[in-house]
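A.B. asks: Based on what follows, work out the 3D shape:
(4 chains)
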Protein chains: 2
Amino acid sequence: MTFSEENYLKTIYHLTTLLDSEISTNAIAEKMETKASSVTDMLKKLSEKNLVNYKKYQGVSLTDKGLHSAKMIVRKHRLWEVFLVDKLDFAWDEVHDIAEQLEHIKSEKLINKLDEFLNFPTEDPHGDPIPNAEGMIVKVEKQLLSELTEKQAGVCVGVKDTSSEFLQYLDKQEIALGSKIEVMSKESFDLSLKIKVGNKELMISNKIAANLFVKKV
Amino acid sequence: MTFSEENYLKTIYHLTTLLDSEISTNAIAEKMETKASSVTDMLKKLSEKNLVNYKKYQGVSLTDKGLHSAKMIVRKHRLWEVFLVDKLDFAWDEVHDIAEQLEHIKSEKLINKLDEFLNFPTEDPHGDPIPNAEGMIVKVEKQLLSELTEKQAGVCVGVKDTSSEFLQYLDKQEIALGSKIEVMSKESFDLSLKIKVGNKELMISNKIAANLFVKKV
DNA sequence: ATAAATTTTTAGACAAAGCTAAAAATTAAA
DNA sequence: TTTAATTTTTAGCTTTGTCTAAAAATTTAT
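C.D. replies: Reported below is the predicted structural model:
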C-alpha cells in the first residue's frame, strides 16, 4: 500500500468516526486539501483493491479490510505519538507531523515491539484511543466539557482540536490530561464557563469547552 | 528531498567510502538493483540541485552539500538501528530493512532527541560509525580478521557483510561485538583460520575472516 | 416541476521515477 | 590504430498521483 492510499484510508476512517455515514468526495478533498477529481481517482483505485465500497455519486465507506487497514495506520500514528512524548520528551503539540510520517513505516513486528516497549498504552497524548494489534478499541465514555451543567465536574481525558494553539493554551492554563475540572457557572448569553482547575478559577469560552473531553466524576 | 534522491546519495556515499574515487553509473545501478539509464536521469537531477559533481561519461562524486546530506541519512539509519536493537530488542540481523525506512523520516529534532535518548552512541549494532549531528565521524582503527597473522589477537569491533546469514552464523558461533578472537593458526592452502573465541576453538574460512573487523590487542 | 446551484466524474495534461531499445562515447583488444 | 566490447546517455514509453476544465449527475430552490 502506498503512502497516498494509506492517507486516504485514514481520512475516510476519521470522517466516518465523526459522521458515521457514507463519506462524500468533497468532504475527503477538503480534509486532505486536494481536489475532488483526485479523490475520485483514488476512490476507484481503493475500490479495485476492495478497501472501500464506492458507487459513483453515492459516496464511499470502508470495507472490513479497509477499516482494518485504517485502524492499523491510526494505531501506528498514536503509538508513535506516545513514544515521542513519553520517551523522547516532545510536547504534545509537536508530535502530530512527525507521527504523520512514522505511521507509514511498514513492519508489524516493529509496531508490536514498540507497543510493548511503551507498555501497551490505550490512549495517545491527546486522549485518543489506540487500537490494539487486532484493531479493537477500548472506548472511554467521555463528553465535551461544554455539555456539563453548573456544579458538575469531570476529569480531562482528551481534546478534540489538536492544534498547537489550543494545546499550548491548555498548557498555559495548566490544564492537562487527568486534571479535574469543575464547572462553577455558565453564562447563558455566550455559553462561556467559569471553571475551577486545581484551586484556580478561570473563565473559558464555549469554544474552548467544546474542544475538551471530560469524564464525569 | 525525495526518498529516491536520498537513496541515491546514500549509495554514492557508501561506494565512495569503499573506492574513494569517481563513482561510475554502472556501479550505482548495480548496487541499487536498477538500470543505468535510471541512474543517469537521477544524477542529472542531483547535479541540478548541487548535491553531486557530475560530468557526462566521467562518473560522479558528492559535493560538500551532498556529502553532508548523505551523512545525515546514514546517521539516521544507524541511530534507528541502535534503537531497534537496544530498546526494542531486535536481533542485529533484523534491523536493516526497517532502518531503511526510518532513515527517511524528516525531523532534525527527532533524530537529535533520539540520539540523546540512546546516550549518543558512536557505533551501530554492526560496528559501523554513527556521524554526529555535525557529520563528524569518529574512526576506530580496525582491520579485517583475515589480515591478522598467527598468534595475533583482536577484539571484534564490526562486520563488513551485514546479511542475515552472516550475522546469524556469528550468533551461532557466539561471536559478538566485543568478543576477543585469537588466531591460533592459518592454513596457507586456503587461508582458513583456526581461532579461539572465549575458550572455544573453531575453524573459519577466509571468507568469514574477511568480513569481520577486529581491533588488534 | 423545472431551473439553478452544487457536487461529482471524466478527459486530458503534467511531473517523478522507473523501464527498454537505440545511439554515442569510452575503453580494451587485436 | 582501427575494430570490438563495454559503458553511458538519450529518446520515448509507463505508472502513480496530482491538476484543470468541461461534462454529467444530483440536490436545492423557485
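A.B. asks: ok, so what distance separates the residue most central in space within chain A from residue A:43?
C.D. replies: The centre of chain A sits closest to residue A:128, judged by Cα atoms, centre = their mean, with a distance of 5.2 Å. For residue A:128, the distance to residue A:43 (Cβ to Cβ, to the nearest Å) stands at 26 Å. Glycine gets a C-beta too; all of them are placed from N, C-alpha and C.
A.B. asks: what's the answer for residue A:54, then?
C.D. replies: 5 Å.
A.B. asks: How about residue A:86?
C.D. replies: 37 Å.
A.B. asks: just residue A:106 next, same as before
C.D. replies: In terms of Cβ to Cβ, residue A:106 sits 23 Å off from residue A:43.
A.B. asks: These two: which is more packed in?
C.D. replies: residue A:43 (23 against 12; other Cβ atoms under 10 Å in any protein chain shown).
A.B. asks: Contact partners for that one?
C.D. replies: Residues in contact with residue A:43 (Cβ atoms under 8 Å, 6 or more residues apart in numbering or on different chains) are A:8, A:25, A:28, A:52, A:54, A:60.
A.B. asks: again with residue A:213
C.D. replies: A:127, A:142, A:143, A:144, A:145, A:156, A:157, A:158, A:159, A:160.
A.B. asks: For the residue of chain A most remote from its centre, give its distance to residue A:146.
C.D. replies: Within chain A, the residue lying farthest from the chain centre (Cα atoms, centre = their mean) is residue A:189, at 30.2 Å. Distance of residue A:189 to residue A:146, given as Cβ to Cβ: 15 Å.
A.B. asks: Residue A:211 now?
C.D. replies: In terms of Cβ to Cβ, residue A:211 sits 8 Å off from residue A:146.
A.B. asks: Over to residue A:104?
C.D. replies: Taking Cβ to Cβ, one finds residue A:104 at 35 Å from residue A:146.
A.B. asks: Check residue A:198 too.
C.D. replies: 20 Å.
A.B. asks: out of those two, which sits in the busier spot?
C.D. replies: Legend: neighbour count by other Cβ under 10 Å for residue A:198 and residue A:146, higher for residue A:146 (20 against 10).
A.B. asks: near DNA strand C, which residues of chain A show up?
C.D. replies: Proximity of chain A to DNA strand C (Cβ under 7 Å from any atom of the strand) is limited to residues A:24-27, A:36-37, A:39-41, A:43-44, A:54, A:56-59.
A.B. asks: Now the buried members of those.
C.D. replies: A:24, A:25, A:27, A:39, A:40, A:43, A:54, A:59 (16 or more other Cβ atoms under 10 Å in any protein chain shown).
A.B. asks: filter these down to the ones near DNA strand D?
C.D. replies: Applying Cβ under 7 Å from any atom of the strand to those, none is adjacent to DNA strand D.
A.B. asks: Looking at the record's assignment, how would you partition chain A?
C.D. replies: Annotated domains of chain A cover A:3-62, A:143-216 [automatic domain parsing].
A.B. asks: now for those domains, which one comes closest to residue B:111?
C.D. replies: domain A:3-62 (20.1 Å; Cβ to Cβ).
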